[in-house]
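Undergrad: this one's structure only:
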């Protein structure tokens, strides 16, 4: 019962922030959408920020689970890692308000430190498992790098007024892990042409 109520609150949070933005969504709105008493929100989550963080991490790990489940049985570690990277980048484009709000909150030191809640731990376990299968010598350390790279990629495609197209961001991430462009869900039939770095003087 407790876990079902938590899931309803997190699902309602994603739905409302998608529609109204983080600032335009209140805890009362979330409780009403979830069909629960307002007091239960505070009982299960220590404030709106933690609820938002947990809800986004849950959305991410459910999206990753679903994306990986779509792959044929016995898919290679490269194929699985590629699909995971694409799933996170596409999530940013499909839920831009949610992902912008999430990134803004976890990057703002004035609202509190990053919390490794159970939803975030599930997400981390999926990514570390993929990296271990891929052959990372230190999956935990590589997970920290991949997490940062994915956050940077999401910021790139979501930056208001200065967004970077998805293909070059994806190309950089795939190059880091030597993943063929055609794996996952490529946004273009071919990888974008990569300009040569400028010559040094």
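TA: Noted; the coordinates are in hand. Small disclaimer: the values here were computed from a predicted structure and weren't measured.
Undergrad: heading C-terminal from the helix or strand of the chain with the lowest mean pLDDT, find the next helix or strand.
TA: Scoring the helices and strands of the chain by mean pLDDT, DSSP states H and E places helix 38-44 at the bottom, with a mean of 89. The C-terminal neighbour of helix 38-44 among helices and strands, as given by DSSP states H and E, is helix 48-69.
Undergrad: that following helix: what's the following helix or strand?
TA: Next along the chain from helix 48-69, counting by DSSP H and E, comes helix 77-94.
Undergrad: which helices and strands sit right next to that next one?
TA: Under the contact criterion of 3 or more C-beta pairs under 8 Å, 6 or more residues apart in numbering; DSSP states H and E, helix 77-94 touches helix 48-69, helix 118-134, helix 139-158, helix 166-176. Every residue, glycine included, has its C-beta placed from N, CA and C.
Undergrad: check which helices and strands the helix or strand just after that helix sits against.
TA: Once helix 77-94 ends, the next helix or strand along the chain (criterion: DSSP H and E) is helix 96-107. Judged by 3+ C-beta pairs under 8 Å, 6+ apart, the packing partners of helix 96-107 are helix 2-20, helix 48-69, helix 139-158.
Undergrad: can you put those helices in TSV and add mean neighbour count and mean pLDDT?
TA: Shown next, in TSV, are the helices and strands packed on helix 96-107 (neighbours: other C-beta atoms under 10 Å; pLDDT from 0 to 100):
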stretch	mean neighbour count	mean pLDDT
helix 2-20	18	95
helix 48-69	20	95
helix 139-158	17	95
